[in-house]
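**Q** Following is a predicted model, sequence given first.
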Amino acid sequence: MAIGPSLGHAQGAATLKSSHGTGFCNLNLFLAHALQLSKQDGVGLDFVNAPTFAEQVTFLGIGQTNIGVLPYTSALSLIDGGAPIKIVAGGGVEGCVLVARPGLDTAQKLRGKTLGTFQLDTLEVLPYDWLKKHGVSLRDVTVRYMGSTPEAAEAFRAGALDWIATIEPYGTALLNDVPGAVKLSDGTDLYGKGYTDCVLCARTEVVERNPRGAKAIIKAMMQAQAMFEKSPEEALPKLVGTYYKTSMENARLASNKQPSVVDARNQTDFILSRVQSLIEMGYAKKAPDRSAIDWTLLEQVIAENPDLYKSLKWKSAA
């Protein structure tokens, strides 16, 4: 099906085009795609693969895709810039990791060192916030923006990066594979347990004119979450290799460090408050309105599938 302005507009839904990231925060979307779970509700899910992280975000902003999982920081920046998108459900929690080469175990030792990260990502905001907390500016380090997470991980392994902001399962893989590698932060020291990393976003024309299609994707992701929580050993072989470029062993170790969670309603205030760092970094001009987040379709899926929702381990408090 060709991508065009009518895609996703009709009440009848057909197929939604999705962008995505690379971390475990995308697990529910990946498993829903691998098993085409939304087809039981008459909706296909197609991935549009972009060469770089920046293009993954841009595709949703310009309408080349109409739904997708992306960092909440990228979503807030797109919304600040006028892109017609809404945050409609959760993606993943925690799982952002700062890993440094042996001996680089303090913020002061990172002055002048090369950081590998991604522009407009939670993985750029995390080192900004962490350095700020420890009295060092991001301007005091050399920042190298990478094209993809696997590329960044390989650059770190090869010694081309002194430290890296990465995501699971790649954080665990680097700590296991690079002797003496140092974990500087997993985000919980800054943001607390259960902080949001990525969110599911949809273009407003999908929310308003094709709610059935968006709800089918949210429901499929909820089913994927239930499946993974119940039997990760059955789900991981469907994902490792195709969606995650890491070993099964590292995937097993990392899978508990970044749960993929559809119901992120309890993270509303956290998501909106994080825009302050984006403003300081020059990526946003003002705090977003509460209308940037719309949990309406998520709440409808929850109401229509009470047994499925009840079965989930990770969800917002009732």
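**A** That came in fine, so what should we check first?

**Q** chain center to stretch 206-220: distance?
**A** 19 Å (CA atoms, centre = their mean, to the nearest Å).

**Q** all helices for the stretch 201-318 of the chain, in order.
**A** Using DSSP state H, counting those that start in this stretch, the helices of the stretch 201-318 of the chain run over 204-209, 211-230, 232-235, 248-254, 268-273, 275-280, 296-304, 306-311.

**Q** go on, the stretch 1-150 of the chain?
**A** Going by DSSP H, counting those that start in this stretch, the stretch 1-150 of the chain shows helices at 27-35, 53-62, 72-80, 122-133, 149-157.

**Q** Let me see the mean pLDDT of the longest one.
**A** The reference is to helix 122-133. Across helix 122-133, pLDDT averages out at 96.

**Q** What residues sit buried inside it?
**A** 122-131 (16 or more other CB atoms under 10 Å). All C-beta spots, glycine's among them, are computed from the backbone N, C-alpha and C.

**Q** Can you tell me what sits against it?
**A** 71-73, 96, 98, 107, 110, 115, 117-118, 137-138, 140-141, 143, 163, 165-167, 184-185, 187, 189-190, 197-198, 274, 277-278, 280-281 (CB atoms under 8 Å, 6 or more residues apart in numbering).

**Q** Give the lowest-confidence helix or strand of this structure, using mean pLDDT as the measure.
**A** Lowest on mean pLDDT, DSSP states H and E among the helices and strands of the chain sits helix 248-254, with a mean of 87.

**Q** quick one, domains of the chain?
**A** Using automatic domain parsing, the domain parsing of the chain gives 15-94+196-311, 96-191.

**Q** coming back round to it: can you spell out which helices and strands pack onto the least confident helix or strand of the chain?
**A** Counting contacts by 3 or more CB pairs under 8 Å, 6 or more residues apart in numbering; DSSP states H and E, helix 248-254 packs against helix 170-177.

**Q** what number of residues lie near E304?
**A** Neighbour count for E304, taken as other CB atoms under 10 Å: 11.

**Q** Quick one: residues contacting it.
**A** By CB under 8 Å, 6+ apart, the contact set of E304 is 215, 219.

**Q** gap between it and A284?
**A** Per CB to CB, to the nearest Å, E304 is found 35 Å from A284.

**Q** With L98 instead?
**A** 23 Å.

**Q** Compare neighbour counts for those two and give me the winner.
**A** L98 (24 against 21).

**Q** Double-check that one against D189; I have them as touching.
**A** No: between L98 and D189 there is no contact under CB atoms under 8 Å: 10.0 Å.

**Q** closest one to N49 among the helices of the stretch 201-318 of the chain?
**A** helix 211-230 (17.4 Å; CB to CB).

**Q** Which positions within the closest one qualify as buried?
**A** Those would be 211, 213-229, for helix 211-230 by 16+ other CB under 10 Å.

**Q** Please spell out which residues along stretch 50-64 are buried.
**A** 50, 53-54, 56-61, 63-64.

**Q** what about Y170, how many neighbours?
**A** If we define neighbours as other CB under 10 Å, then Y170 has 28 of them.

**Q** State the pLDDT value of the closest residue to A34 other than its chain neighbours.
**A** In this structure, A34 finds its nearest non-sequential neighbour in K238, 4.9 Å apart by CB to CB, 6 or more residues apart in numbering. On the pLDDT scale, K238 is placed at 96.

**Q** Surely K238 and L37 touch.
**A** No: taking contacts as CB under 8 Å, K238 lies outside contact range of L37: 11.7 Å.

**Q** Find the residues that touch each one of these two.
**A** By CB under 8 Å, 6+ apart, the residues touching both K238 and L37 are L31.

**Q** Where is pLDDT lowest across the buried residues of stretch 50-64?
**A** Across the buried residues of stretch 50-64, the smallest pLDDT goes to F53, namely 79.

**Q** The closest residue to that residue other than its chain neighbours: neighbour count?
**A** Nearest residue to F53, sequence neighbours excluded (CB to CB, 6+ apart): F118, at 4.8 Å. Neighbourhood size, F118 [other CB under 10 Å]: 27.

**Q** Show the low-confidence segments of this structure, by residue range.
**A** 1-13, 317-318 (pLDDT under 70).

**Q** For the helices of the stretch 201-318 of the chain, give me a markdown table that also has distance to I87.
**A** As requested, the helices of the stretch 201-318 of the chain are exported to a markdown table (distance: least, CB to CB, whole Å):
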| stretch | distance to I87 |
| --- | --- |
| helix 204-209 | 10 |
| helix 211-230 | 12 |
| helix 232-235 | 25 |
| helix 248-254 | 25 |
| helix 268-273 | 7 |
| helix 275-280 | 12 |
| helix 296-304 | 10 |
| helix 306-311 | 19 |
